[in-house]
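In: The following block contains a protein sequence and its predicted model.
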Amino acid sequence: MSKEFNVAIAGATGAVGIEMIKTLENRNFPVKNLRLLASKRSAGKTLTFKGTEITIEELTEDSFKDIDIALFSAGSDISKKYRQAVVNAGAVMIDNSSAFRMEDDVPLVVPEVNPEDVKLHNGVIANPNCSTIIMLVAVAPLHKAKKLKRLVAATYQATSGAGAKGMAELELQTRQLLNEEQISPEAFAHRIGFNLIPHIDAFYDNGYTKEELKMLHESRKMLHDDELQVSCTCVRVPIMRAHSEALNLEFENEITPEEARELLAAAPGVIVVDDPANLVYPMPIDATNQDDILVGRIRQDISRNDKCGLDIFVSGDQVLKGAALNAVQIAELL
Ligand code: A2P
């Protein structure tokens, strides 16, 4: 009989946690027992896994006895608080938060990009930032063939990046604004309904946000290239759950759009959606509930005198490949 694993999900009631449960089920992950953990508020409620109702338990230091794999998506503070309890229980933590991503002995892994790094873990593996995952699934196959030197990105990030409360706020504000009612922003710094906000996570003194620098540092770590140049502007948009990104790419070697399409068509986790004449290009509504990253608008960067530059546009489901699916794929690698 093939091996089965005891799996815990910390943050099981959140936007990503719910999707982790569905992903374990859809991918037929060999789960022996599933333990669902959340705050005291949710303890005693139930969620369904493979047709069976599972009672949610309050997350405590004692939650990880007999657990093999603990998927965490309850925020950085919770991950930091329970790391030692998970490791002491002999389980492996796959953490969706940014708490440990840049630690040297914590692998940061996208299975399509750097699966080999998973072996280096000491009890904790980090799931990368959602925008970085979506970007690198599309960029890594091009980088492997032509060596990426510099990347400039503008993102169009969905409200799901702020969790279930982010999506709820978009829905509520949209209704309120259409009904000419008062709104009161809570999940975001400003109104998100019929607006966009060029601000995700905290600002640094250099003017970049933490989200923008995650894309720089996490890309360098996963592509194993400390010289890689990455500059991003991250923007929250009134979209439910798929992120999009406009990427300008500079390679060490020449690359044509035709070559890029061929490389991407052969790459895992990518669908080339690129037929502008027939109005076909990546859009967040088409990426929603899709495992794969959509890539299109592939064109030569005409601002350059050589053929080393490309512009592309990508869309990917933030909750799935940007979080839950990638975490479960890491568990599959283990
Ligand atoms: P709960 O629903 O009980 O508050 P999201 O990112 O969608 O906002 O979800 C956050 C997840 O983290 C939820 O499952 C939430 O559980 C969980 N969570 C928040 N605070 C705690 C806590 N102090 N202990 C355990 N789980 C928590």
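Out: Nice, I can see it. Residues are numbered from 1 along each chain as shown.
In: any idea how far A38 is from the residue of the stretch 51-200 of the chain found nearest the ligand?
Out: The ligand sits closest to G163 of the stretch 51-200 of the chain, with a gap of 2.7 Å, by Cβ to the nearest ligand atom. Bear in mind the C-beta positions are built from the backbone N, C-alpha and C, glycine included. Distance of G163 to A38, computed by Cβ to Cβ, to the nearest Å: 13 Å.
In: What parts of the stretch 151-300 of the chain come near the ligand?
Out: 163-165 (Cβ under 6 Å from any ligand atom).
In: filter these to the buried ones?
Out: Applying 16 or more other Cβ atoms under 10 Å to those, the neighbour count classes 163-164 as buried.
In: quick one: which of the residues of the stretch 151-300 of the chain next to the ligand sit in helices?
Out: Cross-referencing those against helices under DSSP state H gives 164-165.
In: Give me the pLDDT value at the residue in the chain positioned nearest to the ligand.
Out: The ligand sits closest to G14 of the chain, with a gap of 2.2 Å, by Cβ to the nearest ligand atom. Per-residue pLDDT puts G14 at 96.
In: Confirm for me that it is in contact with A74.
Out: Yes: counting by Cβ atoms under 8 Å, G14 touches A74, with 6.7 Å between them.
In: so what's in contact with these two at the same time?
Out: A38 (Cβ atoms under 8 Å, 6 or more residues apart in numbering).
In: list the residues that contact both of G163 and A38?
Out: With Cβ under 8 Å, 6+ apart as the test, G163 and A38 both reach G14.
In: For Q229, which residues count as its bridge partners?
Out: For Q229, the beta-bridge partners are R150 (DSSP bridges).
In: For it, which residues are in contact?
Out: By Cβ under 8 Å, 6+ apart, the contact list for Q229 reads 149-151.
In: Who wins on neighbours among these?
Out: Highest neighbour count within the contacts of Q229: L151, with 22 neighbours (other Cβ atoms under 10 Å).
In: what's the closest non-adjacent residue to that one?
Out: Leaving aside its chain neighbours, L151 sits nearest to V230 (4.9 Å; criterion: Cβ to Cβ, 6 or more residues apart in numbering).
In: cool, and A164?
Out: In space, A164 is closest to A15, 4.3 Å off (Cβ to Cβ, 6+ apart).
In: For that neighbour, give its distance to E262.
Out: A15 is 36 Å from E262, by Cβ to Cβ.
In: doesn't S76 make contact with G11?
Out: No: counting by Cβ under 8 Å, G11 stays clear of S76, with 11.4 Å between them.
In: quick one: which of the two has more around it?
Out: The neighbour comparison of G11 against S76 (other Cβ under 10 Å) goes to G11, with 26 against 15.
In: pLDDT of stretch 323-330, averaged?
Out: Here the average pLDDT along stretch 323-330 is 98.
In: Please tell me how far that stretch is from the chain's geometric centre.
Out: 9 Å (Cα atoms, centre = their mean, to the nearest Å).
In: For that stretch, C-alpha coordinates in CSV please.
Out: Provided in CSV are the C-alpha atoms of stretch 323-330 (Å, rounded to 0.1, in the frame of the first residue of the first chain):
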residue,chain,number,x,y,z
ALA,A,323,-1.1,29.9,-2.6
ALA,A,324,-3.0,26.7,-1.9
LEU,A,325,-2.1,24.7,-5.0
ASN,A,326,1.6,25.6,-4.8
ALA,A,327,1.6,24.5,-1.1
VAL,A,328,0.0,21.2,-1.9
GLN,A,329,2.4,20.7,-4.8
ILE,A,330,5.3,21.2,-2.4
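In: Do you have the helices of the stretch 101-250 of the chain handy? List them.
Out: Assigned by DSSP state H, counting those that start in this stretch, the stretch 101-250 of the chain shows helices spanning 130-146, 164-178, 210-223.
In: Comparing the ones you listed, which comes out most buried?
Out: helix 130-146 (a mean of 24; mean count of other Cβ atoms under 10 Å).
In: With only the CA atoms kept, save it in PDB.
Out: Provided in PDB are the C-alpha atoms of helix 130-146 (Å, rounded to 0.1, in the frame of the first residue of the first chain):
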ATOM      1  CA  CYS A 130       1.700  34.900  -4.700                       C
ATOM      2  CA  SER A 131       2.700  37.500  -7.300                       C
ATOM      3  CA  THR A 132       6.200  36.000  -7.400                       C
ATOM      4  CA  ILE A 133       4.900  32.500  -8.000                       C
ATOM      5  CA  ILE A 134       2.700  33.600 -10.800                       C
ATOM      6  CA  MET A 135       5.500  35.600 -12.400                       C
ATOM      7  CA  LEU A 136       8.200  32.900 -12.100                       C
ATOM      8  CA  VAL A 137       6.100  30.100 -13.500                       C
ATOM      9  CA  ALA A 138       6.000  32.100 -16.700                       C
ATOM     10  CA  VAL A 139       9.500  33.600 -16.600                       C
ATOM     11  CA  ALA A 140      11.600  30.500 -15.400                       C
ATOM     12  CA  PRO A 141      11.300  28.600 -18.700                       C
ATOM     13  CA  LEU A 142      12.500  31.700 -20.600                       C
ATOM     14  CA  HIS A 143      15.200  32.300 -18.100                       C
ATOM     15  CA  LYS A 144      16.500  28.700 -18.300                       C
ATOM     16  CA  ALA A 145      16.900  29.000 -22.100                       C
ATOM     17  CA  LYS A 146      18.000  32.600 -22.500                       C
END
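In: Nothing else from me, thank you.
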